[in-house]
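Asks: my questions are about this predicted structure, shown below with the sequence.
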Amino acid sequence: MYTMPKPYPKEFRDDVVNVARSREPGQTIKQIAADFGIAESCLRNWMRRADVE
C-alpha cells in the first residue's frame, strides 16, 4: 500500500523559495533544490504558488 509523504512545513517551503529568489548569479534552481533535498519541479511549484499568494 502506498502512502503520501507528509507535506513539508510552510516555514521550510517559504525559506527555500526565498533562497531561490535571492540566489547568486549562475546558481540554478536545480542546484538549490538539490541542496535542500527536494526535486527541482517541487521547488518550481512552490515558487509558482508563492507568486499567486
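Replies: Right, received. Where do you want to start? Numbers count the residues shown, from 1 in each chain.
Asks: can you tell me the closest non-neighbouring residue to Ala39?
Replies: In space, and not counting its chain neighbours, Ala39 is closest to Ala33: 6.2 Å by CB to CB, 6 or more residues apart in numbering. C-betas here are computed from N, CA, C, even on glycine.
Asks: contacting residues around the helix or strand harbouring that neighbour?
Replies: Taking DSSP states H and E as the definition, one finds Ala33 inside helix 29-36. By CB atoms under 8 Å, 6 or more residues apart in numbering, the list of residues contacting helix 29-36 from outside reads 16, 19-20, 23, 39-40, 42-44, 47.
Asks: what about the residue nearest to Ala39, distance to Thr3?
Replies: According to CB to CB, to the nearest Å, Ala33 stands 23 Å off from Thr3.
Asks: before we move on, back to that, give me the subset of the contacts of helix 29-36 that lies in helices.
Replies: Judged by DSSP state H, helices contain the following of the contacts of helix 29-36: 16, 19-20, 40, 42-44, 47.
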